[in-house]
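> with the input below, show me the fold.
(one chain, ligands or ions: 1)
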Amino acid sequence: MQIVKTAVELTHLLESFKHQKIGFVPTMGALHKGHISLIDASKSHSNITVCSIFINPTQFNQQADFDKYPITLAEDIQQLEQADCDILFLPSLAEVYPNGTTPIKSYPLGNLANILEGAFRPGHFQGVCQVVDCLLALVAPHFIFMGQKDYQQCKVVEQLLKMPHLNHQAKLISLPTFREKSMLAMSSRNRRLSADDLEKAGELYQSLLYVTNTLKPGNEKACLQKATHNLLQNGFHSVDYIALANANSLILIEQWDGLEPLVVLGAAFLNGVRLIDNLILPVHLKGLH
Ligand code: PAF
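Purely as a prediction, here's the structure:
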């Protein structure tokens, strides 16, 4: 695996692969099996796989979250070598933001940026767009691979890819969430949980599963309230949201007709660590009820 740290080096290196299919996996490091599944998918869709590790300050709405973000570079490099990743791009802050991080460019995301994660983390998706736009311009991949754990982020990047003035050619391929034994969605932030909390955190998945198993037209509010209550009874100290949305548009749903494609999404805190997860409802089954 070649490790490059500057945009100039990366562009130069990628010129030698001009006619090859390039797959791109953007990350913030502290890699886990979910990330490696993205590298594997990229390897099977493309000739050259580029992974980036960059902890992007503009997508953190709280300095403390940024400061505590886990850094495990030596381990990450080892995992990427084992997965046979071709290129690791490890840019510095100045490489990604040569003109500084403020004021950042604004991307037309509409309501998608103001709901769910956007409501609880103001500015987060503008920061994600800022860095993904910059990385896509440098790597110019055919495919970008992202995990469905960050469901709303996938929708935001889909929208970014459609912005005609940016002229990105990449297709987004989003892949299923990898889970711990407790069914907790794998995430770099899980490294901040104790062994005990890793077990308890599985309750977020169980609460979303409860919603998918119990929801029917008319019981939406009761179902979401019960799921929130379950979390608070099982060690989570606060719940940002448990919500229903259209699985395609991510428009929030209060009353479900039993047919609309649905995703249930949640965000909650366990011992100071904010966890998110989502499950897509098997509508074909629900529609039969
Ligand atoms: O999902 C992440 O790790 C980050 O949000 C991303 C896409 C690498 C942008 O910094």
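> C-alpha from now on. contacts and neighbour counts both.
Will do.
> quick one, phi/psi of whichever residue of the chain sits closest to the ligand?
Ranked by CA to the nearest ligand atom, the top residue of the chain for proximity to the ligand is residue 27, at 3.6 Å. The phi/psi pair for residue 27 (degrees, to the nearest 10) reads phi -140, psi 170.
> near the closest residue to it other than its chain neighbours, how many other residues are there?
Counting by CA to CA, 6 or more residues apart in numbering, the nearest residue to residue 27 once its immediate chain neighbours are dropped is residue 53, at 5.0 Å. Residues lying near residue 53 (other CA atoms under 10 Å) number 20.
> same deal with the one 5 residues further on?
Applying other CA under 10 Å, we find 21 residues neighbouring residue 58.
> verify the contact between it and residue 101 for me.
Yes - at 6.8 Å, residue 58 and residue 101 qualify as touching, with contact defined as CA atoms under 8 Å.
> for residue 66, what are its contacts?
57, 60 (CA atoms under 8 Å, 6 or more residues apart in numbering).
> hmm, try it at 10 Å
Applying CA atoms under 10 Å, 6 or more residues apart in numbering to residue 66 gives the contacts 55-60.
> assumed it was part of a helix.
Yes - checked against DSSP: H, G, I helix; E, B strand; the rest coil, residue 66 lies within a helix.
> state the pLDDT value of the residue nearest to residue 27.
We have a pLDDT of 98 for residue 53.
> quick one on the thing from earlier: quick check: the residue of the chain closest to the ligand vs residue 50, distance?
Between residue 27 and residue 50 the computed distance is 11 Å (CA to CA, to the nearest Å).
> looking at the two, which one has more neighbours?
residue 50 (25 against 18).
> which helix or strand contains that one?
If you go by DSSP states H and E, residue 50 is part of strand 48-53.
> now do residue 103, the pLDDT please.
66.
> do the same with residue 21
pLDDT, residue 21: 98.
> run a quick neighbour tally on it.
Neighbours of residue 21 (other CA under 10 Å): 15.
> and what of residue 86?
Considering only other CA under 10 Å, residue 86 is surrounded by 17 other residues.
> cool, residue 12 as well?
11.
> ok, now residue 32?
Residues near residue 32, counting by other CA under 10 Å: 17.
> so what's it up against?
Counting by CA under 10 Å, 6+ apart, residue 32 has contacts 75-76, 79, 178, 186-188, 190-191.
> adding distance to the ligand, write those residues out as CSV.
What follows is the contacts of residue 32, written out as CSV (distance: CA to the nearest ligand atom, whole Å):
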residue, distance to the ligand
75, 16
76, 13
79, 16
178, 14
186, 12
187, 9
188, 8
190, 13
191, 14
